[in-house]
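Enquirer: Pasting the sequence and the predicted coordinates here, then a few questions.
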Amino acid sequence: MEVPLTTHFSPSKRHLTTVSVIVAVFNKERSLRPCLDSLLNQALHELEIICIDDASTDGCPSILAEYARIDQRIRVYRNIRNIGPGPSRNIGIKKARGTYVQFTDADDIVPSNGIRSLYELAARSHSVAVRGTFAVVADGYARNWFNHYCKSCMSPPDREQFDFSHEPALSIPWFHTCFLFSRAFLITYAIEFPDLRDGEDPVFVAFALTKARYVSATSEVVYLYRGDRRKERSTFVHKLDFLRHVSLIKSIFMPQFPRVWNEHCSQFYLRLVKEYLEESAMTPLVLANAMELISQTWSTQELMSVGICSDGRASGHFSMRMKVVFSIVWTLGRCRVFVRRLWRRAVWSTPEMVSRFSYTLGRWLALITRLWRYLA
């Protein structure tokens, strides 16, 4: 018999629910309690808190069970295996009972009046999507990073029923936690998070904005970001998914709202991608895949404008070229190690080992060819 992906292990009584808060949790033992406390202390009492434990291996399951016993507005579901934040939030949407849906990350906290402000704006303006202001309370890298890249889009103006494409603060589809969405709207248009480990939330927001089009916003702070999550998003899967989500954003905006991509998103993401390439240490395979994704999203001229190009005249490209050269050297070194191991084992007479060596060498040579073409 097939085992269900998600199990429900906290009983709850039905009550009047206006907002369903969905919290995807994975190994957030240190920050989970303050997050849940901030949600339970909301001025809007008629809400439910749906926690999706994404197969955590720390103390999160016991903390969630404890809070579910304390307050019956909390419902807890546990994934049998880790599936990522996007699919976990999709489960929360399906389990939600509220008229509206809000997403909170287990690292952060919500001001006591945050959800009520969003709900009152949605009820007053009859908007299927409303957005508030995002604030960073963490010191150091996170604050500096957001102020450098996102300062202009963190705080929208006080407006009701306006076209999102005419508001620069909403043209960058970030800060999904600052939105309140109509649950019926999400279900009607089948709006879900993609299965990405990084960048799943901007894709969700972009799709929702293109379907809603007219939204409302408030300048009131409705969400407090607390953490520096660079370590959580340092794997090669995260790096490639980040680039994939940029391509998806472009494919969503270009058919109906090309101005949003061309005037706002394109340059914004180019700056992020340049930083990503300069700071990330990538293996040859990851580097080749990254370059392929980047070339599908921007033209050579656009890449040259920020120094990402095979042409050495582009500023800052020397470091990129050196990364490719070092990647080729690393590839040749791996081939040398592989040949040495085969030689020591003296198994050249085995046909399957010769076949394995030929196949592996062919893959490495193909990869070197791709990298070399990038330099040409």
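Expert: Looks like it came in fine. Residues are numbered from 1 along each chain as shown.
Enquirer: Show me what the longest strand along the chain packs onto, helices and strands only.
Expert: In the chain, taking DSSP state E as the definition, the longest strand is strand 214-225. If contacts are counted by 3 or more C-beta pairs under 8 Å, 6 or more residues apart in numbering; DSSP states H and E, strand 214-225 sits against helix 114-125, strand 129-136, strand 159-163, helix 168-171. From N, CA and C alone the C-beta is placed, and that goes for glycine too.
Enquirer: avg pLDDT for it?
Expert: Per-residue pLDDT over strand 214-225 has a mean of 95.
Enquirer: Likewise for stretch 270-285?
Expert: 74.
Enquirer: Stretch 136-145 now?
Expert: Averaging pLDDT along stretch 136-145 gives 78.
Enquirer: Could you number the chain from 827 rather than 1 from now on?
Expert: Done: numbering now begins at 827, and the last item shifts to stretch 962-971.
Enquirer: buried ones in that stretch?
Expert: By neighbour count on 16 or more other C-beta atoms under 10 Å, the buried set for stretch 962-971 is 962, 964, 968.
Enquirer: any idea how far Tyr975 is from Lys1100?
Expert: When distance is defined by C-beta to C-beta, to the nearest Å, Lys1100 is 11 Å away from Tyr975.
Enquirer: I meant Leu1103, not that one.
Expert: For Leu1103, the distance to Tyr975 - C-beta to C-beta - is 15 Å.
Enquirer: One more: Gln1127?
Expert: Using C-beta to C-beta, Gln1127 is found at 23 Å from Tyr975.
Enquirer: likewise Trp1000?
Expert: Relative to Tyr975, and taking C-beta to C-beta, Trp1000 is found at 10 Å.
Enquirer: For these two, indicate the residue with more neighbours.
Expert: Neighbour totals were compared for Trp1000 and Tyr975, and Trp1000 leads with 20 against 16 (other C-beta atoms under 10 Å).
Enquirer: The more buried one: what secondary structure?
Expert: Secondary structure, DSSP: H, G, I helix; E, B strand; the rest coil: Trp1000 is coil.
Enquirer: Gln928 too?
Expert: Of the three states, Gln928 takes strand under three-state DSSP.
Enquirer: Any idea how many residues pack against Gln1122?
Expert: Gln1122 has 13 nearby residues by other C-beta under 10 Å.
Enquirer: any idea of the pLDDT on the closest residue to it other than its chain neighbours?
Expert: Spatial nearest neighbour of Gln1122, excluding adjacent residues (C-beta to C-beta, 6 or more residues apart in numbering): Ser1073 at 6.0 Å. As predicted, Ser1073 sits at a pLDDT of 93.
Enquirer: cool, the one 3 residues further on as well?
Expert: Note on Lys1076: pLDDT of 95.
Enquirer: still on that earlier bit, kindly report which one of the helices and strands packed on strand 1040-1051 carries the lowest mean pLDDT.
Expert: Ranked by mean pLDDT, the helices and strands packed on strand 1040-1051 bottom out at helix 994-997, with a mean of 90.
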